[in-house]
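*Asks:* Just need the structure, nothing else, for what follows:
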Amino acid sequence: MDNLTAWIGRSETRSDLIGATPALALNATLDHPETGFVSGTPLLPLWHWLYFLPLHRQSEIGADGHAKRGGFLPPVPLPRRMWAGSQFDFRAPVRVGDAVERTSTIADVSSKEGRTGKLVFVKVRHEVRCNGAADPAIVEFHDIVYREARKPDDVEPPPQRAATGAAWQREIVPDDVLLFRYSALTFNGHRIHYDRKYVTEVEGYPGLIVHGPLIATLLMDLVRRNAPQAEIASFRFKAVRPTFDLNPFRVNGQLQDDGKTIKLWAGDHEGWLTMDAVATLRAGS
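*Replies:* Okay, the predicted model is just below:
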């Protein structure tokens, strides 16, 4: 851990241009009618993930499909890596045509003993700025968890029941094509999302894992479908339980009594909670 905590404070900056094609492609992947993303159109919440893609050379890719460890992220010596959650402040629009810059900093590295062995958590802070602005348009914290290899006697944490009776609900069929298209859009080579032999035989899961960011994007899309005029000021989500491609799952939403908070969650086919989230609306939206 002494070696890993030395990564705290490490920073990198990447630049990109917000083009229309990735937004059009995600819009189609989410099954919306074709719509124009002309210059000046604001991106929808979380769609900035379509940019600043990880352009590692093929020779730099590790056995799990991610970049080999020890570059920007610390070289955590645990084989399983998952996106545990994120928190966002959406402070200003990011628009098609903007020249953008993302500064990423390792905010924290910590470890603990879990039910299935050692866990290492890495928190990364991202700040996205548009057109040379001093203040960030988006501030994001990204939580990554690394775990030991799966063992036959692992005891998983007890599942939690997902809430029922949501005002908004949509069933999602996580077929191979949906997972492939999202992996392609985000240039995500992690084999747990498309390589069934790898994910079942090496990482020990029963099926392909649905991307946590995809589920979070589907939760935001649920808001778009049911409250299209809403403007999101902040959003946070936590992955509670893996979602596999073996069965449909549901995304759910409920506007709270305060009129400014939306409770969002995802549940699997058995009714277990898989993702817990909350969005806060901008005043006046």
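
*Asks:* Can you show me the strands along this protein?
*Replies:* Taking DSSP state E, the strands of the chain run over residues 11-17, 80-90, 99-114, 117-130, 138-147, 168-172, 232-239, 249-255, 261-267, 273-281.

*Asks:* and the fifth one, which strands flank it?
*Replies:* Strand 138-147 has its sheet partners listed here by DSSP bridges as strand 80-90 (antiparallel), strand 117-130 (antiparallel).

*Asks:* and the ones you listed as a markdown table, adding mean neighbour count?
*Replies:* For every residue, glycine as well, the C-beta is placed using N, CA and C. Shown next, in a markdown table, are the strands paired with strand 138-147 (neighbours: other C-beta atoms under 10 Å):
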| stretch | mean neighbour count |
| --- | --- |
| strand 80-90 | 20 |
| strand 117-130 | 19 |
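
*Asks:* Of those strands, which is nearest Y51?
*Replies:* Closest of the strands paired with strand 138-147 to Y51 is strand 117-130, at 8.7 Å (criterion: C-beta to C-beta).

*Asks:* So for the closest one, could I get the coordinates as CSV, restricted to C-alpha?
*Replies:* Extracted C-alpha coordinates of strand 117-130, given in CSV (Å, rounded to 0.1, in the frame of the first residue of the first chain):
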residue,chain,number,x,y,z
GLY,A,117,-10.5,-11.0,0.7
LYS,A,118,-8.5,-7.8,0.2
LEU,A,119,-10.1,-4.8,-1.6
VAL,A,120,-8.3,-1.8,-2.9
PHE,A,121,-10.3,1.4,-3.7
VAL,A,122,-9.0,4.1,-6.0
LYS,A,123,-10.8,7.4,-6.3
VAL,A,124,-10.1,9.6,-9.3
ARG,A,125,-11.2,13.2,-9.7
HIS,A,126,-12.0,14.5,-13.2
GLU,A,127,-12.6,18.1,-14.1
VAL,A,128,-13.9,18.9,-17.6
ARG,A,129,-13.4,22.4,-19.0
CYS,A,130,-14.7,23.9,-22.2
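
*Asks:* residue boundaries of the helices in the stretch 151-285 of the chain?
*Replies:* 176-185, 196-201, 212-226 (DSSP state H, counting those that start in this stretch).
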